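Asks: Build me a structure from this.
(one chain, ligands or ions: 1)
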Amino acid sequence: MRVFITGIDGYLGWSLAQYLSARGHEVAGADIYFRRQWVEEMGSWSATPIASMETRLQAFHEHTGKTLRFWHGDLREYELVERIFREFQPQAIVHLGECPSAPYSMIDVHHAVFVQTANITTTFNLLFAMHNVCPDAHLVKLGTMGEYGTPNMDIPEGFFEVEFRGRRDRLPFPRQAGSWYHWSKVHGSNNIMFACKLWGIRATDIMQGVVFGTRIEEMGDDERLLTRLDFDQAFGTAINRFCCQSVIGHPLTVYGHGGQTRGFLPLRDSMQCLTLSVENPPVAGEYRVFNQFEETYNILELALKVQKVATELGLPVEVQNLENPRTEMGQHYYHPDRQNLIDLGYQPTHDVEAEMRIMLQDLMRYRERIEERRDILIPDIHWNGPRKKVHLLSSEPERV
Ligand code: USQ
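Replies: This next block holds a predicted model:
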């Protein structure tokens, strides 16, 4: 299948390009390197030393014998999207080319507006270009579990049956996002749902949990094929940050008492799920939603798991409770469904501790890179107030 990946230079994008290609798909992609700039703006860099796109493409060619078509450009420009689609004629489009950071979107009005307009505009351009050029193609859009928020009831996959004043219907499950970024994903979802109805486009909207992990098998030992691994407050996700912190003996930064619960998924399983979605498209006009995560944990549980695995590897580390810079529920019910991908054949490969062990071993090689950016580990972006470093709540983790 011809698969076009937006954001192919990113954490998921570069991994997915290799994963899909190894499974016989013809892959192409575009990127404008925003992620590299945003992380630099946060005063950080990838823990793994990432190569330039030119070097990545060269290494990819050496290993696979294949040429990956790449467009360096801004997909907020409609003409570029339409030109790419005419040249490549994609059968599937995996849309990863968005700003994925809640904290980044909460910095100030400029960042909020940037994240929402960039994310919504690019999705619009893809939808219109699909309609105009390749109406039979399948859009696989990366959404987020964060679209649902944390309601005090089970979370279905996108839709639920509801009865109100004696009448029944199948309706979109309410979205209660917790950041301007998460709301940008809700707006994208709504626009895709409407485009499916309007033009008969087929789409899969992936409500993905928090991804962690340094690698997939396809990267092998060639550093040029490594994907990025961020650990700053905005682009580093919880487990990735905790593993980087462990490697340099920095206390693990649990926000609040760590009772916030989320769904988590190793990078390699995210690749498996995205591939299953690509290879099993819905019918024309169908808008379907998959919840994509492996297991749910609260943040303190995760920090203690990282601490345990790190200690086994000779990396003793403390867990600290910090003032929570975010506005989020500290303790809540969390029980989302995850059946659709299992029905398509999804099988998890590694349990969370095994994946943490692989990550920590990988990251120990790059200890110096993380050490050099130690001062950016304590967050200062608040959901509700000016930027200032958060303070410590206690040095002993409180059980929740
Ligand atoms: N957290 C800590 N300490 C840290 C970092 C995070 O306690 O050092 C907590 C946060 O307060 C939050 C939870 O960990 O409760 C998850 O935070 P995160 O930064 O790992 O993830 P989040 O901001 O939710 O966003 C990430 C991705 C985003 C994706 C989302 C899926 O960056 O692109 O949409 O995970 S979900 O969380 O299900 O919405």
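Asks: Let me see the ranges of the helices in the stretch 101-250 of the chain.
Replies: Using DSSP state H, counting those that start in this stretch, the helices found in the stretch 101-250 of the chain span residues 102-105, 109-133, 180-199, 238-247.
Asks: Let's test this: mean pLDDT of the shortest one, rounded?
Replies: Model confidence over helix 102-105, given as mean pLDDT, is 98.
Asks: What parts of this structure come near the ligand?
Replies: If contact is defined as Cβ under 6 Å from any ligand atom, the residues of the chain in contact with the ligand are 100-102, 144-146, 209-210, 237-238, 241, 253-255, 260, 262-263, 299, 326, 328. Placement of C-beta: from N, CA and C, glycine included.
Asks: Output the helices of the stretch 101-250 of the chain as JSON lines; include the columns mean neighbour count and distance to residue 51.
Replies: Putting the helices of the stretch 101-250 of the chain into JSON lines (neighbours: other Cβ atoms under 10 Å; distance: least, Cβ to Cβ, whole Å) gives the following:
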{"stretch": "helix 102-105", "mean neighbour count": "23", "distance to residue 51": "24"}
{"stretch": "helix 109-133", "mean neighbour count": "19", "distance to residue 51": "25"}
{"stretch": "helix 180-199", "mean neighbour count": "20", "distance to residue 51": "27"}
{"stretch": "helix 238-247", "mean neighbour count": "27", "distance to residue 51": "19"}
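Asks: just so I know, which of those helices lies nearest residue 75?
Replies: Among these, the nearest to residue 75 by Cβ to Cβ is helix 109-133 (4.7 Å).
Asks: what residues does that closest one touch?
Replies: Contacts made with helix 109-133 from outside it, assessed by Cβ atoms under 8 Å, 6 or more residues apart in numbering, are listed as 6, 34, 75-78, 81-82, 84-86, 89, 93, 95, 97-99, 101, 104-106, 137, 139, 141, 180-181, 183-185, 187-188, 191-192, 195, 199, 201.
Asks: ok and the residue in the protein nearest the ligand?
Replies: Relative to the ligand, the nearest point of the chain is residue 146 (2.5 Å; Cβ to the nearest ligand atom).
Asks: Now that that residue has come up, it's in contact with residue 179, right?
Replies: Yes. Here residue 146 reaches residue 179: they are 7.4 Å apart, a contact under Cβ atoms under 8 Å.
Asks: out of these two, which sits in the busier spot?
Replies: Neighbours were counted for residue 146 and for residue 179 using other Cβ atoms under 10 Å; residue 146 has more, 25 against 22.
Asks: What's the per-residue pLDDT of the more buried one here?
Replies: Looking at residue 146, its pLDDT stands at 98.
Asks: Identify the residue spatially nearest to it, adjacent ones excluded.
Replies: Taking Cβ to Cβ, 6 or more residues apart in numbering as the measure, residue 146 lies nearest to residue 182, with 4.1 Å between them; neighbours along the chain are not counted.
Asks: mind checking pLDDT for the residue lying closest to residue 46 once chain neighbours are set aside?
Replies: Excluding its sequence neighbours, the residue lying closest to residue 46 (Cβ to Cβ, 6+ apart) is residue 228, at 3.8 Å. At residue 228 the predicted local distance difference test score is 98.
Asks: and residue 228, how far is that from residue 121?
Replies: Going from residue 228 to residue 121 by Cβ to Cβ, to the nearest Å gives 24 Å.
Asks: cool, residue 145 as well?
Replies: If you go by Cβ to Cβ, the gap between residue 145 and residue 121 works out to 23 Å.
Asks: got any ranges where the protein has weak pLDDT?
Replies: 394-400 (pLDDT under 70).
Asks: can you name the farthest residue from the center of it?
Replies: Using Cα atoms, centre = their mean, the residue of the chain lying farthest from its centre is residue 166. It sits 39.8 Å away.
Asks: tell me the contacts of that one?
Replies: Listed by Cβ under 8 Å, 6+ apart, residue 166 has no contact partners.
Asks: where does it fall, phi/psi-wise?
Replies: phi 80, psi 0 (degrees, to the nearest 10).
Asks: pretty sure residue 264 is in a strand, no?
Replies: Yes. Looking at residue 264 with DSSP: H, G, I helix; E, B strand; the rest coil, it is inside a strand.
Asks: What's the separation between it and residue 383?
Replies: From residue 264 over to residue 383 (counting by Cβ to Cβ), the distance is 22 Å.
Asks: Compare those two (neighbour count), which wins?
Replies: Counting neighbours by other Cβ under 10 Å for residue 264 and for residue 383 shows that residue 264 has the greater number, 23 against 15.
Asks: May I ask you to confirm that that one is in contact with residue 293?
Replies: Yes. Proximity of residue 264 to residue 293 meets the contact threshold set by Cβ under 8 Å, at 6.1 Å.
Asks: what touches both of the two?
Replies: When contacts are counted by Cβ under 8 Å, 6+ apart, residue 264 and residue 293 have 209, 210 as shared neighbours.
Asks: got the contact list for residue 273?
Replies: The contact partners of residue 273, by Cβ under 8 Å, 6+ apart, come to 206, 208, 265, 290, 292, 341, 346.
Asks: With distance to residue 29 and neighbour count as extra columns, can I get the residues you listed in CSV?
Replies: Conversion of the contacts of residue 273 to CSV gives the following (distance: Cβ to Cβ, whole Å; neighbours: other Cβ atoms under 10 Å):
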residue, distance to residue 29, neighbour count
206, 17, 23
208, 19, 23
265, 22, 25
290, 22, 25
292, 20, 29
341, 23, 22
346, 24, 19
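Asks: Of those residues, which belong to strands?
Replies: Per DSSP state E, strands hold the following members of the contacts of residue 273: 206, 208, 265, 290, 292.
Asks: ok, the residues you listed vs residue 352, which is closest?
Replies: Nearest to residue 352, judged by Cβ to Cβ, of the ones in strands among the contacts of residue 273 is residue 265 at 9.5 Å.
Asks: which residues does the closest one bridge with?
Replies: With beta bridges defined as DSSP bridges, residue 265 has these partners: residue 211.
Asks: From residue 67, how far off is it?
Replies: Counting by Cβ to Cβ, the separation of residue 265 from residue 67 is 31 Å.
Asks: Tell me which stretches of the stretch 201-350 of the chain form strands.
Replies: Shown for the stretch 201-350 of the chain, the strands assigned by DSSP state E, counting those that start in this stretch span residues 202-208, 210-212, 252-255, 261-266, 287-292, 295-298, 319-322.
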